[in-house]
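J.: Let's see this in three dimensions:
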Amino acid sequence: MTVTPSSRTPVQDPAPPLPSAASPVRVAYTDLLRFASAVFGSLGMPPDRARAAARALCYGDLTGMTSHGLTNLTRLYLPLFEDGRVDPKAEPRRVADRGAAVLLDAGGALGLWTGEAAMDLACERAASFGIGMVGVGGATHFGCAGHHALRAVEHAMIGLVTANCGGQRIARPPGGAVAMLGTNPLSVAAPAGQYPPFVLDMSTTAAPTGRVRQAAREGRALPEGVLCGDDGAAVTDPAAFDEGRAHLMWLGGGAGQHKGFGLGIAVEVLSAVVSGAGLGAHPDALRGDGGPGGRDDDIGFCTVAIAPGALRAGADADANVLFGALLGCPPADPAEPVRYPGWHEHQRARERRRHGVPLSAELYRELRDVAASHGVPAPALVGRS
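T.: Here you go, the predicted model:
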């Protein structure tokens, strides 16, 4: 089901005048959630699923991973609805259930909420078995993997999330001349005792495509090791990727990219081979020109929850010792104390929940336009950054 702009009833926009191009703004996090939820609801999604999708999408802006936040509303998610590539009312079907392990067919549901639902089910099974695994096929893009992995931490569990890119091919094998795999993200989240949760959230390529395109929009050069040309030389112009003048490298770059490539294959196995989702590395890839291609339809997820408390006592105390020791490590530069993945994101989220989420003026304009065309109130400003 797709709702066209002509079928929506515009509402009076209560937001103040548009900010200048050079003036970042702040919006209350709760208002961003309300706005995103209303937009997804206007497209036919049930209210609880629209709210879940909004949480996953706004997580990027809340934690500072803006390349995976609301900037993707108009660039990724709304086009999925407009092209009929997502079913707003899809009911995931349970294909297999073996107690601790479940396989779901998402049926084209929006990945932003199915990723969350899959992890919640994995946590439910882990509470009974000590571990729960839910594989998902037939899905769409699910946003920040870290958001879904963190759902396990809310249950005092460890979360592991992987996702492939369905049939989309972006990165070449080291030494290869044809793109065969996607950016294939993975995330691990774990309780850290009295400290902020550990959250590793990464693509297995040197950078996700969203970050490359964000740099192109902002006119920023990329560091060496992210893109390279067919001759192997480093390319720092982010626009070269979409123009076909450069391709994405694997994590580790140069001599170390075989490690990122191996991780990308591992994610493909966990996400697609287990679930039966679309494969990136496929003979079809050999029929193209070698550049990025295919569509990110039929994406596969793997969500795993591990309940250490169901297996032994003392895991919480050990986590407290582990992460406390890491934070206590003497820094080489006194101005830059040692931190672990997830610490900065946690602090940033706390500050933004209190004082509002910063958005560029350009993005805020986009959101106002979306609000007007979808008949929902625009997010109101709470201040300027």
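J.: Show me the strands in the chain, by range?
T.: 25-27, 93-97, 101-105, 131-139, 158-163, 186-192, 195-202, 227-228, 234-235, 247-248, 299-306, 357-359, 381-384 (DSSP state E).
J.: among those, which is nearest E218?
T.: With respect to E218, and counting by CB to CB, the nearest of the strands of the chain is strand 357-359 at 13.8 Å. (Each C-beta comes from the backbone N, C-alpha and C, glycine too.)
J.: Run the chain-centre distance for the closest one.
T.: Strand 357-359 sits 18 Å away from the centroid of its parent chain (CA atoms, centre = their mean, to the nearest Å).
J.: and the closest residue to S203 other than its chain neighbours, how many neighbours?
T.: Excluding the flanking residues, the one nearest S203 by CB to CB, 6 or more residues apart in numbering is T183, at 4.2 Å. T183 sits with 28 neighbouring residues when counted by other CB atoms under 10 Å.
J.: go on, the one 3 residues further on?
T.: The burial count assigned to L186 is 23, neighbours taken as other CB under 10 Å.
J.: In CSV, list the strands of the chain along with mean pLDDT and distance to T209.
T.: Shown next, in CSV, are those (pLDDT from 0 to 100; distance: least, CB to CB, whole Å):
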stretch, mean pLDDT, distance to T209
strand 25-27, 96, 26
strand 93-97, 98, 30
strand 101-105, 98, 26
strand 131-139, 98, 18
strand 158-163, 98, 14
strand 186-192, 98, 16
strand 195-202, 98, 14
strand 227-228, 92, 11
strand 234-235, 92, 14
strand 247-248, 92, 7
strand 299-306, 98, 14
strand 357-359, 96, 21
strand 381-384, 81, 30
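J.: Select, out of these, the one closest to A216.
T.: Closest among the strands of the chain, using CB to CB: strand 227-228, at 10.8 Å.
J.: Provide the strand pairings for that closest one, with the direction of each partner.
T.: Here strand 227-228 has these sheet partners by DSSP bridges: strand 234-235 (antiparallel), strand 247-248 (antiparallel).
J.: ok, back up a step: if I read this right, the residue nearest to S203 contacts G166, doesn't it?
T.: No: look at T183 against G166 with CB atoms under 8 Å: they stay out of range, at 11.8 Å.
J.: so where is this protein shaky, pLDDT-wise?
T.: Scanning the chain for pLDDT under 70 picks out 1-22, 288-291, 384-385.
J.: 80 - rerun?
T.: 1-23, 254, 284-293, 383-385 (pLDDT under 80).
J.: Can you list the residue ranges for helices in it?
T.: 29-42, 47-63, 71-72, 78-82, 111-129, 145-153, 209-218, 239-242, 257-268, 308-311, 315-327, 343-355, 361-374 (DSSP state H).
J.: Measure how the longest one sits relative to strand 158-163, angle-wise.
T.: Using axes from the mean of the first three to the mean of the last three CA atoms, to 10 degrees, the interaxial angle of helix 111-129 with respect to strand 158-163 works out to 140 degrees.
J.: And R354, how far from V199?
T.: 20 Å (CB to CB, to the nearest Å).
J.: ugh, typo on my part, it should be V102
T.: 24 Å.
J.: more crowded one of the two?
T.: V199 (26 against 21).
J.: beta partners of the more buried one?
T.: A189.
J.: With G293 instead?
T.: R169.
J.: quick one: it and D284 touch, right?
T.: No: using CB under 8 Å, G293 makes no contact with D284, being 9.0 Å away.
J.: Pick out the residue nearest the middle of this protein.
T.: C144 (1.9 Å; CA atoms, centre = their mean).
J.: got the contact list for that one?
T.: A56, Y59, G60, T63, M65, H68, G69, S187, D201 (CB atoms under 8 Å, 6 or more residues apart in numbering).
J.: Can you name the two of the residues you listed that sit furthest apart?
T.: Taking CB to CB, no two of those sit farther apart than G69 and S187, at 15.7 Å.
J.: Tell me how many other residues crowd S23.
T.: S23, neighbours per other CB under 10 Å, totals 12.
J.: Skip the chain neighbours and tell me the closest residue to V95.
T.: L103 (4.4 Å).
J.: any idea how far V226 is from the one you found?
T.: Counting by CB to CB - L103 and V226 are separated by 35 Å.
J.: Look at these two and report which has more neighbours.
T.: V226 (22 against 18).
J.: tell me the contacts of that one?
T.: A206, A207, V212, T236, L248, M249, G253.
J.: what's the distance between it and A240?
T.: V226 is 10 Å from A240, by CB to CB.
J.: now do Q214
T.: Counting by CB to CB - Q214 and A240 are separated by 15 Å.
J.: Contact partners for the residue nearest to T66 when sequence neighbours are not counted?
T.: Closest residue in space to T66, ignoring its immediate chain neighbours: G60 at 6.1 Å, by CB to CB, 6+ apart. Applying CB under 8 Å, 6+ apart to G60 gives the contacts T66, S67, H68, G69, L70, N72, G143, C144.
J.: The fifth one - nearest residue in space that isn't next to it in sequence?
T.: Here the nearest residue to L70 in space, its sequence neighbours aside, is D61; by CB to CB, 6+ apart that works out to 5.5 Å.
J.: Could you verify my assumption that the one you found touches L73?
T.: No: here D61 does not reach L73: they are 10.5 Å apart, not a contact under CB under 8 Å.
J.: If you count surrounding residues, which of those two has more?
T.: D61 (23 against 20).
J.: Return the residues in contact with L326.
T.: V338, Y340.
J.: Report the contact partners of Y59.
T.: Counted by CB under 8 Å, 6+ apart, Y59 has contacts M65, G69, G143, C144, G146, H147.
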